[in-house]
Each structure stands twice: as structure tokens, then as C-alpha cells.
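>>> dropping the sequence and predicted coords here.
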Amino acid sequence: MATASHRRSLRTRRTLVVSAAVVAAGVGAGALVLNANASGTDLYHQTLAAKDGWASSGSGTTGGSKADVAHTFTVSTRAQLVKALGSASDTTPRIIKIKGTIDANTDDSGKKLTCADYAAGTGYSLSAYLKAFDPSTYGRSKLPSGTQETARAAAQEKQAKNVVFKVPANTTIVGVPGTKAGITGGDLQIQKVDNVIVRNLTFSDAEDCFPQWDPTDGDSGNWNSQYDLVTLRGATHVWADHNTFTDAGHFDSLNPKYYGREYQVHDGALDITKSSDLVTVEQNQFNSHDKTMLIGSSDSEPSGKLRVTLHHNVWKGIVQRAPLTRVGQVHIFNNVYDVTPLNGYTLQYSINSRAKAQVVAQNNFWTVPGSVKVSKLLSGDGTGSIAGSGNLVNGTTTDLVAAYNAANSKKIKTTVNWTPTLTAGLESSAKNLPAELAKTAGAGVLTAN
């Protein structure tokens with residue numbers, strides 16, 4: 001890759017190893033550590049450190065660190081989480097401590113809800129839906145409409161009311177150490193709000209009971225689902241730190257096929273869209289997922305937003321979008337990518353730069369089996385850029401863009417229109433990252449002090 005100019009600072013994160021901890025679903029196993037690349041008196045009041053990626057820009061990211069006692073909550077059920085979040089328009093600082101794993105598919109009394117519960121009273125049934133929109137009779141030129149599509153949408157709306165959690169501004173959400181804290185089956189939605197911190201949580205299996213058939217999507221149509229694990233839409237100043245994102249609980253290999261296409265029940269893991277801006281994603285594990293991170297939902301999104309930093313994350317068993325970038329200025333440094341097939345998830349690509357995205361990919365480490373060509377690690381539409389240097393493939397410095405461009409007609413550009421300066425923690429070599437991040441990235445790692 002062509003070399004870009006960077007302002008480098010020494011890594012400031014000191015790690016205090018306390019004891020071994022195993023993260024939920026067997027991913028992100030490592031050690032309990034104190035994250036020193038944050039400011040604050042304890043885990044729940046910590047704020048993003050200066051110069052730590054785009055989310056430190058301007059006013060920085062402090063989340064709910066100024067919360068009073070009345071707005072500090074410990075929750076362990078879906079109903080308690082909904083109450084603690086309150087109104088999405090309430091900007092009062094709040095701290096929400098999640099203790100244990102919250103199942104989003106439960107009612108206010110804690111009773112488990114199934115897809116049949118959401119479908120009840122809507123008139124929807126999968127067998128009737130499949131019969132109504134069979135391409136052999138319905139065709140492939142128009143979106144589903146009519147009684148069964150209306151019923152499907154109604155059932156999906158019922159599920160959404162239960163599993164989508166809307167986060168207000170000035171909020172910190174943190175998993176309580178030692179409790180396997182997280183949300184399963186839910187979508188944490190950060191929409192049109194500023195100043196949010198999400199840490200030390202495992203997000204798993206946001207399964208949509210009612211995917212929609214779109215015969216016009218691609219050459220053969222596709223089933224599209226509704227929920228990400230975490231969604232940013234028009235959000236600003238967001239710090240996602242030491243979380244784990246995974247399909248564990250329902251891997252895609254379990255999905256049936258209808259009309260010859262996979263009945264996909266998962267959407268994104270952490271999507272950053274609709275002109276979201278000033279986001280730092282660090283020390284997370286992304287494990288066993290297909291469409292993992294979308295930065296920009298449309299090629300026509302306006303310029304000047306979608307500024308995102310991704311550093312010290314582990315991507316393992318990821319099919320694509322790690323990330324897919326559009327329009328914005330994205331710094332990807334000191335990440336680990338293991339593209340060995342895992343739990344049925346097989347690589348399409350890691351990083352995609354399209355719609356004139358300006359990506360700097362620097363000092364990342366790829367573990368690549370012999371069956372995967374280096375040219376498959378990147379993707380693009382011919383308008384995006386990826387600059388950077390120091391990227392290693394199986395320990396060897398490799399020009400990823402050159403490898404991609406040699407095998408593809410739509411070339412990735414090698415120069416960008418910006419220079420990263422918010423680079424606290426940038427390590428000058430990727431050599432030791434696999435061993436380091438195996439101990440320090442993901443949920444279940446941080447201590448409470």
C-alpha cells in the first residue's frame with residue numbers, strides 16, 4: 001500500500017492481568033484487565049481518552065459520566081432495561097449497568113416469547129407467505145404486496161416493539177464484570193443522538209422471525225432481515241469498547257433455503273449509517289457473522305460525515321463487511337483478521353471501500369489459510385481509496401491494494417484526502433497483535449474499578 005503521513009503516539013494502554021475469564025459463547029477468551037485508555041474514576045464513569053479516534057474529536061465522548069444517583073441503574077431483565085433507558089428524547093445523563101444476559105425475546109414478566117407469539121393475531125404464516133410469493137407464480141419483477149406481506153410486516157412490528165432498545169443521548173451502558181453481561185436477541189439502537197458509550201457487553205443472535213422476500217435483490221432475489229446487534233443511525237460521538245458481537249445461539253448454517261436462497265435471519269453486527277459521525281470502535285471481538293459492519297447505508301450519503309476509527313478489534317469467522325465503507329474518512333489500525341472458515345462462515349472479503357470512501361488501513365494483521373488468495377481480502381467499486389502501510393499477512397508485510405488491483409478491473413485507489421491525527425494507542429508494528437488481542441479484546445475483560 002502507498003504510505004500515508006500519520007501523527008503517531010506511543011501506545012498508552014496498560015494492561016493489568018487479574019485472572020482468566022471466558023467470554024460468552026466461547027469467543028474473546030482472555031484476561032480481566034483494566035483499560036487505561038480511558039478517563040474516569042471507575043469503569044462506569046470512564047470517558048474516552050483524548051485523541052482516541054474520531055469519537056474523541058470536538059467535545060469528545062463522555063456518555064453518562066455525569067449521571068446522578070437517580071439516573072444510575074443496575075438491570076438484569078428486559079423490562080428493567082427498557083425502564084432505565086426511558087425516553088429516547090431525554091438527554092439527562094444516565095449510567096446503565098447490565099448484570100447478566102438479558103433476553104430481548106421476553107415479555108414484561110420475563111416469560112420467553114417465540115416467533116409464534118409475535119405472529120399470533122396477524123394472520124401471518126410462513127407456509128402461506130411462501131405460497132403467495134413463489135417466483136414461479138408471483139414472478140420476480142416486483143416486491144411482495146397483499147395480505148400475507150401486510151401480515152408479515154405486522155408480525156415483524158410486534159417483534160420490533162419488544163427487541164429494539166432505543167438509547168438516549170448522554171448514556172453509558174456497561175456490562176457488570178464477572179456476570180457474562182450482554183443482550184441476546186436484541187437490537188441496541190442509537191439513533192439521532194449524541195454522546196453514547198457501550199462497553200463490556202456480549203451481543204448475540206438478533207434473529208428476525210419474519211425476513212422479507214425481495215425478488216429484485218440481486219440476480220436471484222434475497223431474504224432480508226431487520227435487526228442489527230447494535231445500530232447507529234445519525235448518531236454522533238459514540239464509543240464502542242470491549243464488546244463481543246456474535247451469531248452464537250443460531251449460526252447461519254442452520255438457516256433453511258426458500259426459493260433457492262438462504263432464509264437469512266440476521267442483519268448487521270454493528271452498523272454505522274445515515275450520516276453517523278465521530279465514532280470509535282476499539283478492543284471488540286466480531287465473531288461468526290456475515291454482514292458485519294456497514295459504514296454508510298447508501299452510495300449517495302452526503303460527504304463530511306461517517307468519520308470512524310476502528311482499532312485493536314478482532315474479526316474472526318467474518319464473511320464480509322469488516323467493514324464496508326462509503327463516503328467517509330475511516331481509520332483502521334492494529335486490528336486482527338483471522339479469515340479461516342469458522343462455524344460455517346467463509347470469507348468473501350474483509351475491507352470494502354466504495355462510494356469514494358477514504359480509508360487508511362495501517363498495521364493490521366491477517367491470518368490467511370492457504371485456500372484463500374490475498375487478493376480476496378479487499379473489495380471495492382472502483383471509486384474508493386485505501387491508503388496505509390505495515391499490514392501483515394501471516395506475519396509478512398503485504399501490499400493488499402496491489403494484490404487486489406492485480407486481480408480486479410475496478411481498481412482501489414491508493415491515496416486519500418486526509419491525514420489521521422487522533423491516533424492514541426497506535427502501535428508501529430502488527431507483529432504481536434494476535435497474541436495481545438487474544439487476551440485483551442472482547443467482552444468479559446474489563447474490571448469494575
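Arrived safely.
>>> for Val198, which three-state class applies?
Here Val198 is recorded as strand under DSSP: H, G, I helix; E, B strand; the rest coil.
>>> surely it and Ile183 touch.
No. Assessed by Cβ atoms under 8 Å, Val198 is found out of contact with Ile183, at 10.3 Å. Every residue, glycine included, has its C-beta placed from N, CA and C.
>>> most distant residue from the middle of this structure?
In the chain, Thr137 marks the outermost C-alpha relative to the chain mean, sitting 38.0 Å out by Cα atoms, centre = their mean.
>>> contacts only, for that one.
Applying Cβ atoms under 8 Å, 6 or more residues apart in numbering to Thr137 gives no contacts.
>>> let's see 10 Å
Residues in contact with Thr137 (Cβ atoms under 10 Å, 6 or more residues apart in numbering) are Lys131.
>>> what do Val198 and Ile183 both touch?
Overlap of the contact sets of Val198 and Ile183 (by Cβ under 10 Å, 6+ apart) consists of 173, 175, 230.
>>> look at the second one and say how many residues are nearby.
Residues within reach of Gly175, counting by other Cβ atoms under 10 Å, total 28.
>>> ok, now the first one?
Other residues within reach of Ile173, judged by other Cβ under 10 Å, total 30.
>>> find the nearest non-adjacent residue to it, please.
Once flanking residues are discounted, Ile173 sits nearest to Ile96: 4.7 Å by Cβ to Cβ, 6 or more residues apart in numbering.
>>> after the one helix or strand the one you found maps to, heading C-terminal, what element do we hit next?
Ile96 belongs to strand 94-98 when assigned by DSSP states H and E. Sequence order places strand 101-103 as the next helix or strand after strand 94-98, per DSSP H and E.
>>> partner strands of that following strand, parallel or antiparallel?
Sheet pairing of strand 101-103 (DSSP bridges) gives strand 182-184 (parallel).
>>> and the partner strand, how far from the chain's centre?
14 Å (Cα atoms, centre = their mean, to the nearest Å).
>>> for the protein, which spans come out with low pLDDT?
Counting by pLDDT under 70, the chain has low-confidence residues at 1-37, 39-40.
>>> which residue lies nearest the spatial centre of it?
Leu270 (1.9 Å).
>>> gap between the nearest residue in space to that one that is not next to it in sequence and Leu113?
Counting by Cβ to Cβ, 6+ apart, Leu270 lies nearest to Val230, which is 4.8 Å off, once chain neighbours are set aside. As judged by Cβ to Cβ, to the nearest Å, Val230 and Leu113 stand 21 Å apart.
>>> compare the two (neighbour count), which wins?
Taking Val230 and Leu113 together and counting by other Cβ under 10 Å, Val230 has the greater number of neighbours (27 against 19).
>>> these two touch, right, the more buried one and Ser204?
No. Shown here, Val230 and Ser204 do not form a contact pair, counting by Cβ atoms under 10 Å, at 11.5 Å.
>>> any shared contact partners between these two?
In contact with both Val230 and Ser204: 183, 186, 245, 269, using Cβ under 10 Å, 6+ apart.
>>> that older thread, mind checking the SS state of the residue farthest from the centre of the chain?
Here Thr137 is recorded as helix under three-state DSSP.
>>> same question for Leu278.
Following three-state DSSP, Leu278 is assigned to strand.
>>> so who does it touch?
53-61, 194-195, 235-239, 305-309, 422.
>>> same check on Ala430?
By Cβ under 10 Å, 6+ apart, the contact set of Ala430 is 333-336, 362-366, 390-392, 395, 397, 436.
>>> could you flag which of those are buried?
Those of those that meet the buried threshold are 333-336, 362-366, 390-392, 436, by 16 or more other Cβ atoms under 10 Å.
>>> let's see which of those end up in strands.
Of the positions in the buried ones among the contacts of Ala430, 333, 336, 362, 365-366, 392 sit in strands, assigned by DSSP state E.
>>> nearest to Val445 among those residues?
Val336 (14.8 Å; Cβ to Cβ).
>>> who's the closest one bridged to?
Taking DSSP bridges as the rule, Val336 bridges to Val314, Phe365.
>>> quick one, helices of the stretch 101-250 of the chain?
Shown for the stretch 101-250 of the chain, the helices assigned by DSSP state H, counting those that start in this stretch span residues 115-119, 126-132, 135-138, 147-163.
>>> next one: the first one to chain centre, how far?
Taking the mean of its C-alpha atoms, helix 115-119 sits 27 Å from the chain's own mean (Cα atoms, centre = their mean).
>>> ok, the contacts of Ala430 vs Ala38, which is closest?
Looking across the contacts of Ala430 and measuring by Cβ to Cβ, the closest to Ala38 is Asn334, at 16.7 Å.
>>> now for that closest one: which residues touch it?
Shown in contact with Asn334 (Cβ under 10 Å, 6+ apart): 11, 282-283, 310-313, 362-365, 390, 423, 425-430, 433, 436-437.
>>> next step: those residues restricted to helices.
433, 436-437 (DSSP state H).
>>> distance to Asn105 added to the residues you listed, as TSV?
Formatted as TSV, the ones in helices among the contacts of Asn334 follow (distance: Cβ to Cβ, whole Å):
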residue	distance to Asn105
Leu433	36
Glu436	36
Leu437	32
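>>> and which of the residues you listed is nearest to Asp68?
Using Cβ to Cβ, Leu437 comes nearest to Asp68 of those, at 36.1 Å.
>>> what about that closest one, how many residues nearby?
With other Cβ under 10 Å as criterion, Leu437 counts 22.
>>> wait, doesn't it sit right on Gln283?
Yes. Taking contacts as Cβ under 10 Å, Leu437 lies within contact range of Gln283: 7.7 Å.
>>> mutual contacts of these two, please.
By Cβ under 10 Å, 6+ apart, the residues touching both Leu437 and Gln283 are 28, 312-314, 334.
>>> for these, which single residue is the most surrounded?
With neighbours defined as other Cβ under 10 Å, the most crowded of these is Gly28; it has 31 neighbours.
>>> by contact count, what packs against the strand holding Ile96?
The contact analysis (3 or more Cβ pairs under 10 Å, 6 or more residues apart in numbering; DSSP states H and E) places strand 94-98 against strand 72-75, helix 78-85, strand 171-175.
>>> got the angle for the last one vs strand 94-98?
Following axes from the mean of the first three to the mean of the last three Cα atoms, to 10 degrees, one obtains 20 degrees for the angle between strand 171-175 and strand 94-98.
>>> closest to Ala119 out of the ones in helices among the contacts of Asn334?
The closest of those to Ala119 turns out to be Leu437 (Cβ to Cβ; 41.8 Å).
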